[in-house]
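Peer 1: sequence and predicted structure, then a few things I'm wondering about:
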Amino acid sequence: MSRFRKLLLPVLSPVLCGAGLVVAASGVAGFGLVTRAEAEAVAAPEGDSAVTAAASSGAAVVGREGGYGLGRAALPEEIAAWDTDIRPDGVGLPEGSGDVASGEETFVEKCAVCHGDFGEAVDRWPQLAGGFGSLTHADPVKTIGSFWPYLSTVWDYVHRAMPFGDAQSLTNDEVYGITAYLLYLNDQVDDDFVLSKANFTEVVMPNAEGFFLDDRATAELPQFSAEVCMENCKPSVEITKRAAVIDVTPGDSSDDGGAEQADPAK
């Protein structure tokens, strides 16, 4: 460790330890989840005056028994803000709806710069439509229509990570609309289709049956975990036929001990 770090560490240690005792109020307020008073109330249970004093003064304290004395339990509101995954059976879907037409407008405005107006992809960005029947080819085209087994994956990923550079800026209705438009681009719905929480699970993707559960634990593991054979492991080799020696190779003068061959001209 450098001399600068040795001098700086004793100075910063109390500040860093004190900062870990309570979630910074400014950061929490930025997400609109809890107030300073709520955070301090959860961080310092009743009777834990030492933690409250340390949080306000920045001084280091010894952690509670059974823990490090850092941070606090997450609030239900904070957990709910992160719990946004959507299951294939529709659990987790929010209320809302969107049709193909409105989804096309949003897609062209916020998604087409990378994926193209019709999901055909721009440059090396992912293609979202087409590719049917290509999965068995040497260069398969894995799109939403040709490869993805569940529609929930589309909704979840668009809502969680798109558009690129501005993730989670879409409203629930916009995500429903974009998902409906992607279904339309892959010839799965008509142009007047409206997708909502009510009919979401009715959509069956073309490759829904193309995946199977990983059965290696039951199909392969027993073969590799069985007792290893160390001797006489292969069945004995039995001779069933013998090759016959048939001299059909054209000979030369050396084949007959150097005898003179007939002159073709005579």
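Peer 2: Done, it's in.
Peer 1: the stretch 101-250 of the chain: helices as residue ranges?
Peer 2: 112-115, 151-161, 172-185, 216-219, 221-225 (DSSP state H, counting those that start in this stretch).
Peer 1: in CSV, list those helices along with distance to Glu209 and mean neighbour count.
Peer 2: Just so you know, the C-beta spots here come from the backbone N, C-alpha and C atoms, and that holds for glycine as well. As requested, the helices of the stretch 101-250 of the chain are exported to CSV (distance: least, Cβ to Cβ, whole Å; neighbours: other Cβ atoms under 10 Å):
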stretch, distance to Glu209, mean neighbour count
helix 112-115, 26, 17
helix 151-161, 14, 19
helix 172-185, 18, 25
helix 216-219, 19, 9
helix 221-225, 25, 9
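Peer 1: just send these back as JSON lines, with distance to Asp192 and mean pLDDT too.
Peer 2: Compiled in JSON lines, those are given as follows (distance: least, Cβ to Cβ, whole Å; pLDDT from 0 to 100):
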{"stretch": "helix 112-115", "distance to Asp192": "22", "mean pLDDT": "98"}
{"stretch": "helix 151-161", "distance to Asp192": "18", "mean pLDDT": "98"}
{"stretch": "helix 172-185", "distance to Asp192": "10", "mean pLDDT": "99"}
{"stretch": "helix 216-219", "distance to Asp192": "45", "mean pLDDT": "85"}
{"stretch": "helix 221-225", "distance to Asp192": "51", "mean pLDDT": "81"}
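Peer 1: who wins for proximity to Gly210 among the ones you listed?
Peer 2: Gly210 lies closest to helix 151-161 among the helices of the stretch 101-250 of the chain, at 13.4 Å (Cβ to Cβ).
Peer 1: now do that closest one: which elements does it pack against?
Peer 2: helix 172-185 (3 or more Cβ pairs under 8 Å, 6 or more residues apart in numbering; DSSP states H and E).
Peer 1: domain ranges for this structure, per the record?
Peer 2: Taking automatic domain parsing as the reference, the chain has its domains at 3-81, 97-202.
Peer 1: which stretch in those has the least confidence?
Peer 2: When the domains of the chain are compared by mean pLDDT, domain 3-81 comes last with a mean of 56.
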